[in-house]
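Engineer: sequence? don't have it. structure:
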């Protein structure tokens, strides 16, 4: 255990606040502004500290926060450290009983945080919990509750069986699509867009794994939390709007990091116990999906470029 993690544990142990909120920001000023407007209402009944960790945004995110939200603690990174490293900079100093990882592209209701904190208070066995996340069209963000991607679970998804049989307990296990989205459930993991974690659980399992850049670190954290004997809950009594991938939807790096995170998680937790034939299938599936995603992105970028060229010619 290094000095940073030791200090983090001591801070958590002596915590007096209800909640510490950490938001990592990267070129999403307008989304961040909206998130902080709703967050300001949601923290009214709680003793809370709020941190923004800005990953060297090129927009006016930092200036906007300093001007409009002086009650927010802001940390300015000189480079994009990614999600795990940025959060860890604050996890080493938080004072809350509970720590909330929150995306800047989320919109909270006034009772969101109070209800979630009360839920964890009433479930002392819970190491982490997340709400029902909905997308802009009102549909469920499937990532808000999921199983760990064991080789078998990953295989069902790669073969398309999870889409063909979403209501089947085995084939639909990746995103738990067979479960009623309006019922509380014990799950393997919730998503880092809104992940409320008990400070005591962090004392046991440590900080986020910085081998992950912007995907997979929440899943890995949940895995370590459950391995330490804690439970993770999905609580649909709370609904949060998630404008998904606001910061990364146009990023080539995001696509690369998504599939890189899959490999990291697999090698860290499953590779040593996976039969050779399944090991080969999992890695081949990840590579194939990464290649298809890259091809789709190139086609889309080419279409955008051609469209821009047509417009210029017309003009």
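Structural biologist: Great, that's in hand. Quick caveat: nothing in here was measured; it's all calculated off a predicted structure. Numbers count the residues shown, from 1 in each chain.

Engineer: contacts for stretch 108-115 next, please.
Structural biologist: Contacts to stretch 108-115, defined as CB atoms under 8 Å, 6 or more residues apart in numbering, come from residues 19, 21, 35, 38-39, 41-46, 48, 100, 131, 235, 237-240. Placement of C-beta: from N, CA and C, glycine included.

Engineer: please identify the buried residues of that stretch?
Structural biologist: Judged by neighbour count using 16 or more other CB atoms under 10 Å, the buried positions of stretch 108-115 are 108, 109, 112, 113, 114.

Engineer: then stretch 133-146?
Structural biologist: Residues of stretch 133-146 classed as buried: 133, 134, 140, 141, 142, 143, 144, 145, 146 (neighbour count, 16+ other CB under 10 Å).

Engineer: center of this protein - which residue?
Structural biologist: Centrality entry for the chain: nearest residue to the mean C-alpha point is residue 192, 2.0 Å, by CA atoms, centre = their mean.

Engineer: pretty sure that residue is in a helix, no?
Structural biologist: No: counting by DSSP: H, G, I helix; E, B strand; the rest coil, residue 192 is located in no helix; its state is coil.

Engineer: pretty sure it sits against residue 220.
Structural biologist: No: the pair residue 192 and residue 220 does not pass the contact test of CB atoms under 8 Å, sitting 10.2 Å apart.

Engineer: quick one: buried ones out of the contacts of stretch 108-115?
Structural biologist: Buried members of these, counted by 16+ other CB under 10 Å: 19, 21, 35, 38-39, 42-43, 48, 100, 131, 235, 238-240.

Engineer: just the residues you listed now: which is nearest residue 202?
Structural biologist: Within the buried ones among the contacts of stretch 108-115, the smallest distance to residue 202 is 12.1 Å, found for residue 100 (CB to CB).

Engineer: quick one, what contacts that closest one?
Structural biologist: Residue 100 makes contact with 19, 20, 21, 22, 113, 116, 194, 195, 196, 197 under the criterion CB under 8 Å, 6+ apart.

Engineer: next, format these as JSON lines and append pLDDT, distance to residue 181 and secondary structure.
Structural biologist: Conversion of those to JSON lines gives the following (pLDDT from 0 to 100; distance: CB to CB, whole Å; DSSP: H, G, I helix; E, B strand; the rest coil):
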{"residue": "19", "pLDDT": "98", "distance to residue 181": "25", "secondary structure": "strand"}
{"residue": "20", "pLDDT": "98", "distance to residue 181": "28", "secondary structure": "strand"}
{"residue": "21", "pLDDT": "98", "distance to residue 181": "25", "secondary structure": "strand"}
{"residue": "22", "pLDDT": "98", "distance to residue 181": "26", "secondary structure": "strand"}
{"residue": "113", "pLDDT": "98", "distance to residue 181": "21", "secondary structure": "helix"}
{"residue": "116", "pLDDT": "98", "distance to residue 181": "17", "secondary structure": "helix"}
{"residue": "194", "pLDDT": "98", "distance to residue 181": "15", "secondary structure": "strand"}
{"residue": "195", "pLDDT": "98", "distance to residue 181": "18", "secondary structure": "strand"}
{"residue": "196", "pLDDT": "98", "distance to residue 181": "18", "secondary structure": "strand"}
{"residue": "197", "pLDDT": "98", "distance to residue 181": "22", "secondary structure": "strand"}
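
Engineer: which ChimeraX command selects the buried ones in those?
Structural biologist: Only the buried entries of these go into this ChimeraX selection, using 16+ other CB under 10 Å:
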select :19,20,21,22,113,116,194,195,196,197
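
Engineer: hmm, back to that, from the buried residues of stretch 108-115, which land in helices?
Structural biologist: 112, 113, 114 (DSSP state H).

Engineer: which ones among the buried ones among the contacts of stretch 108-115 lie within helices?
Structural biologist: Using DSSP H, these in helices are 35, 38, 39, 42.

Engineer: closest to residue 157 among those?
Structural biologist: residue 35 (30.3 Å).

Engineer: re earlier: let's have the ones in helices among the buried ones among the contacts of stretch 108-115 in CSV, adding distance to residue 262 and pLDDT.
Structural biologist: Shown next, in CSV, are these (distance: CB to CB, whole Å; pLDDT from 0 to 100):
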residue, distance to residue 262, pLDDT
35, 28, 97
38, 32, 98
39, 31, 98
42, 33, 98
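
Engineer: I appreciate the help and will end here.
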